[in-house]
Each structure stands twice: as C-alpha cells, then as structure tokens.
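Colleague: my questions are about this predicted structure, shown below with the sequence.
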Amino acid sequence: MSDSTDVFEIMHTTRAMRRLKPDPVPDDLIRKILEAGICAANGGNTQRWRFLVIKDPKIKKAVQVFYKRAFDEVIGPRYATSAPPPGVTPERYKRQHAAVEYLTEHYHQAPVWIVACIEDTAPPNRWAGASIYPAVQNMLLAARALGLGSTLTTRHLLYEKEAEAALGLPEGVHSYAILPIGYPMGRFGPVGRGVLDAFVYQDQWGKPYAGL
Ligand SMILES: Cc1cc2nc3c(=O)[nH]c(=O)nc-3n(C[C@H](O)[C@H](O)[C@H](O)COP(=O)(O)O)c2cc1C
C-alpha cells in the first residue's frame with residue numbers, strides 16, 4: 001500500500017504518521033513534496049506562502065520544548081478526559097493518544113520539517129489559512145505517495161511567539177503548520193472517520209442529503 005499513485009487510495013490512507021525513523025530523507029523527495037505544495041490553490045494566486053525547511057537539530061529541539069510544554073499543559077489532559085471522535089473506537093483513540101505522546105517526545109528527531117508560513121502584513125486570519133492549508137494537504141498527500149510519513153501539526157501555536165522566535169521567522173511572517181517528515185516505522189492504513197451522513201445535509205441544515 002505504500003507505493004500507490006491512485007489519488008483516492010492515497011487520500012484514504014494518508015493518516016497521521018507520528019512514529020518516524022530518524023534516517024535522512026533525500027532532498028529530491030523534499031523537492032517533490034514542496035513542488036506539490038505550490039500546485040495548490042491560493043487566494044488571488046498571490047502566492048504569499050513561504051516554506052521553511054528545517055534540518056538543524058538545534059532549531060528543532062528549541063521548538064520541541066514548547067511543543068512538549070503545550071502537551072503537558074493542555075493536550076495531554078484533554079486526551080485523558082475526552083471521548084473518542086466519530087468512527088474511532090476507544091482502543092484506537094488510546095493508540096492515537098500514545099502516538100501523539102510519542103511524536104511529542106520525538107518531534108525534533110524527524111529528519112526534516114517543513115514549516116508552512118504566510119507572509120502578510122495582516123495578522124493570521126481565515127483567508128490566509130485558506131491560502132496555505134491546501135498547499136499543506138498537497139504536501140501531506142505527496143509525502144504519502146512517496147512512502148514518507150508526516151502529520152499536520154499546529155500545537156506549537158499554543159506558544160506561537162516563542163516557537164516562531166525559535167524558528168527565526170521575521171516580522172510579517174507567520175507559521176500555520178509544521179510538517180515533521182520521515183520514513184514511517186509503521187505501515188500506512190485506512191483513515192478512521194465517521195459516516196458521511198453524519199456530516200452532510202441537503203438544502204436545509206440538518207436535512208439528510210438524498211444523494212447518499
Ligand atoms: C488543524 C490540525 C492541527 C493538528 N495538530 C496536530 C498536532 O499539533 N499534533 C499532532 O500530533 N497531530 C495534529 N493533527 C493531526 C490530527 O490529530 C489527526 O489528523 C487526527 O488525529 C486524525 O488522525 P488520522 O488522520 O491518523 O486519522 C492536527 C490536524 C489538523 C487538521
């Protein structure tokens with residue numbers, strides 16, 4: 001399942017891959033991922049996206065300190081007390097919690113990070129997000145297609161100022177996601193989501209979509 005190029009299979013198996021090997025990732029694969037990123041739609045085609053590739057262990061470690069602090073203070077307690085989301089069994093949710101904790105401890109050991117940023121004089125907002133997350137998703141799908149694992153992470157934003165200073169972002173540039181990328185330890189598998197009719201309505205909020 002790791003070498004498929006069928007777009008539907010790729011989408012259905014692009015899971016958060018949080019357990020990554022520290023082995024280096026060739027630059028030509030990172031280039032392919034970045035090229036997929038900039039194929040994405042963006043508002044007015046202004047292309048204010050910027051991508052910071054981080055390999056320096058010192059920078060990654062400096063950011064991981066805040067990523068972990070946010071886990072200890074907010075995310076860990078939330079996992080411990082919340083119910084599984086739709087389509088996820090308690091066992092699977094437990095495994096997710098363990099994987100989230102694993103990534104927290106090993107975040108900086110992923111060989112490559114791509115930090116997805118927007119250069120803008122306005123503070124981060126929905127329009128800016130809508131112009132960077134399509135690129136982020138393209139990159140996740142491209143990584144999956146190349147047999148590389150990653151996870152869309154935003155937790156560093158709980159310590160936004162500190163993390164962005166550690167990343168060395170200049171004024172007017174904000175990070176929207178960090179993608180830790182590496183060869184996965186486990187295998188790609190199907191994503192676990194709820195059923196469509198729980199999320200889709202037709203013509204009127206709450207009215208079932210007849211097309212299902
Ligand atoms: C906006 C957003 C922020 C996320 N931030 C984090 C994060 O900081 N750390 C993390 O481990 N996963 C993060 N995730 C990944 C989600 O937790 C993951 O997609 C979800 O658990 C479903 O996992 P699955 O795709 O493997 O089914 C984030 C996902 C999104 C869309």
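Modeller: Cool, got the structure. Just so it is clear, the model here is predicted, and its values are computed rather than measured.

Colleague: name the helices or strands packed onto the helix or strand where R69 lies?
Modeller: Here R69 sits within helix 57-70, counting by DSSP states H and E. Packing partners of helix 57-70 (3 or more C-beta pairs under 8 Å, 6 or more residues apart in numbering; DSSP states H and E): helix 90-106, helix 160-167. For the C-beta atoms, the positions are set from N, CA and C on the backbone; glycine is no exception.

Colleague: in the last one, what's buried?
Modeller: I take that to be helix 160-167. Neighbour-count burial for helix 160-167, counted by 16 or more other C-beta atoms under 10 Å, picks out A163, E164, A166, L167.

Colleague: report the inter-axis angle for the helix or strand that that helix is followed by versus helix 90-106.
Modeller: Next helix or strand after helix 160-167 toward the C-terminus (DSSP H and E): strand 173-181. With axes from the mean of the first three to the mean of the last three C-alpha atoms, to 10 degrees defining the directions, strand 173-181 sits at 110 degrees from helix 90-106.

Colleague: what secondary structure does F51 sit in?
Modeller: strand (DSSP: H, G, I helix; E, B strand; the rest coil).

Colleague: neighbours of it, how many?
Modeller: 18 (other C-beta atoms under 10 Å).
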